[in-house]
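Engineer: just need the structure, nothing else, for what follows:
(4 chains)
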There are 4 protein chains.
Amino acid sequence: MKSFASWCVRVYFEDTDSGGVVYHANYLKFMERGRTEWLRGIGLDQAELKLKDNIMFVVAKLDIQYKRPAKFNDELMVMTSLEKIGASTIFITQEILRDNYLISSARVEIACINSKLFKPQRIPKKIKQLLEKL
Amino acid sequence: MKSFASWCVRVYFEDTDSGGVVYHANYLKFMERGRTEWLRGIGLDQAELKLKDNIMFVVAKLDIQYKRPAKFNDELMVMTSLEKIGASTIFITQEILRDNYLISSARVEIACINSKLFKPQRIPKKIKQLLEKL
Amino acid sequence: MKSFASWCVRVYFEDTDSGGVVYHANYLKFMERGRTEWLRGIGLDQAELKLKDNIMFVVAKLDIQYKRPAKFNDELMVMTSLEKIGASTIFITQEILRDNYLISSARVEIACINSKLFKPQRIPKKIKQLLEKL
Amino acid sequence: MKSFASWCVRVYFEDTDSGGVVYHANYLKFMERGRTEWLRGIGLDQAELKLKDNIMFVVAKLDIQYKRPAKFNDELMVMTSLEKIGASTIFITQEILRDNYLISSARVEIACINSKLFKPQRIPKKIKQLLEKL
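Structural biologist: Now for the predicted structure:
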């Protein structure tokens, strides 16, 4: 079974634009909140990881589709599921839902990098094991 | 020849995150500035379009690749080029460069919608002609 | 007794800047989340208010002091308390805390306006009563 | 004579909210762009300052008044003027204008801090001289 998590996000004025709906770039923020909470949920502390191991996870590629607009006050659910783990890349699928309607979906490639050099590095074994545990 | 435009963007603190580089979602803002200025450059006023014709252009799909990080104070160039125009969709290619180095690139599908109904609608002929002019 | 509310906010990468701490403008977002949830808590639906009564509450004046920096992953508490209600203005005091340490504090003047005309208008009696209830 | 600068800002969708106007917190971003360009204009490179001297300038206090709403596509002028320099604090007055109409105005206290310790420190003499030059 793959690692999976859901996270609830409320839409505030800060998230909307004058089109009356959530600004398209802000769904990427919601998705990152989902990934952050997913990592926290499996015991991965990104702040500690950077400080102690000089490891950062950064978005290398992101394909997003916008299906329905979300509005001020909406309660959205961010679904995050692990698709595959490579040597230095994690492949994730994310969906944002409102009452089971798909608002947007994305496929995200996360690269493991050295935070000082900003160069790719292998995902440490202990992290791989945490990610694959579920 | 295809419609094409470049637009200069300066990186401020607001654009960065604690990783020390531009926050990944903010490149989408830079790219939208590039598209807005490109449309302005060919004589398309989006505010007027919404008010008079109930027409809005929204992002329907976006595939972005992050190649190099950008930092505070960087001067970036956003390149926007029209790839193809469909009945109700515009396909655009965008690149963000710093001194000719590729920072990120994206393919963006823009849908023409009715701003009241939030439903797809055909791109009006006069707009198609403006877009194809170059 | 005065109306009062607290709301928990988690700091994500989107909130930070390359100084390594929360970007100063983003505390205003946290404070607005606090006010939105406070209004929701007393039964005020801002989306409905705009749609049905053409009423919007907007920030007219804001004095903020930054005491300590907040960081990625911090859990912050936003405290919102009603100070005074005028004819068309609401005076609010807000504090952001982390483990009882003051991160920032603000005094906010909220103006009641007509959402079509963007002009000040008297706060409707039913809203005043809701605000004064506690 | 006091140091003074103006900087032009265009309003994009990213800056607006579903109220149809610029989101209140985003004026703080515009003002910071104005301060950044003002500092750059007098020869102060903040990136270098942090790297070489461990010095950062951060907002310690900000009082802002919102007079008129700004909208998508507006061209705004950010006026920045130095009011006073203290031992470790700079007092600045800023105004945002559209066609000579006042959109918002602010008084900002900037603290000079050590970027490692996040503690106040005296403004170095060479910087004081640069700031007072005009």
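Engineer: tell me what the lowest-mean-pLDDT helix or strand in chain A is packed against?
Structural biologist: The weakest-scoring helix or strand in chain A, judged by mean pLDDT, DSSP states H and E, is helix A:125-132 (a mean of 90). In this structure, helix A:125-132 packs against strand A:75-85, with contacts taken as 3 or more C-beta pairs under 8 Å, 6 or more residues apart in numbering or on different chains; DSSP states H and E. Glycine gets a C-beta too; all of them are placed from N, C-alpha and C.
Engineer: center of chain A, which residue is that?
Structural biologist: With distances taken as C-alpha atoms, centre = their mean, residue A:35 lies nearest the centre of chain A, 3.1 Å away.
Engineer: ok and the least confident helix or strand of chain A relative to strand A:75-85, angle-wise?
Structural biologist: 130 degrees (axes from the mean of the first three to the mean of the last three C-alpha atoms, to 10 degrees).
Engineer: now do helix A:125-132: distance to the chain's middle.
Structural biologist: 17 Å (C-alpha atoms, centre = their mean, to the nearest Å).
Engineer: got a list of what the residue of chain A most remote from its centre touches?
Structural biologist: Largest separation from the mean C-alpha position in chain A: residue A:18, at 25.9 Å (C-alpha atoms, centre = their mean). Contacts for residue A:18 (C-beta atoms under 8 Å, 6 or more residues apart in numbering or on different chains) come out as D:13, D:16, D:17, D:18, D:19, D:20, D:21, D:71, D:72.
Engineer: ok, now with 6 Å
Structural biologist: Contacts for residue A:18 (C-beta atoms under 6 Å, 6 or more residues apart in numbering or on different chains) come out as D:16, D:20, D:72.
Engineer: which parts of chain A sit against chain D?
Structural biologist: Residues of chain A lying close to chain D by C-beta under 6 Å from any C-beta of the partner chain are A:13, A:16, A:17, A:18, A:20, A:72.
Engineer: what helix or strand is residue A:95 located in?
Structural biologist: Assigned by DSSP states H and E, residue A:95 falls within strand A:89-98.
Engineer: buried residues of the longest strand seen in chain A, list them for me.
Structural biologist: The longest strand of chain A (DSSP state E) is strand A:101-114. Neighbour-count burial for strand A:101-114 flags A:103, A:104, A:105, A:106, A:108, A:109, A:110, A:111, A:112, A:113 (criterion: 16 or more other C-beta atoms under 10 Å in any protein chain shown).
Engineer: parallel or antiparallel, list what pairs with it.
Structural biologist: strand A:55-66 (antiparallel), strand A:89-98 (antiparallel), strand A:119-120 (antiparallel) (DSSP bridges).
Engineer: indicate which one of those strands is closest to residue B:53.
Structural biologist: Ranking these by proximity to residue B:53 (C-beta to C-beta) places strand A:55-66 first, at 21.6 Å.
Engineer: pLDDT on the closest one, on average?
Structural biologist: When pLDDT is averaged over strand A:55-66, the result is 97.
Engineer: and what of stretch A:35-42?
Structural biologist: 94.
Engineer: stretch A:76-95 now?
Structural biologist: In the prediction, stretch A:76-95 has an average pLDDT of 97.
Engineer: tell me how far residue A:56 lies from residue A:115.
Structural biologist: Relative to residue A:115, residue A:56 is positioned 4 Å away (C-beta to C-beta, to the nearest Å).
Engineer: ok, now residue A:69?
Structural biologist: 36 Å.
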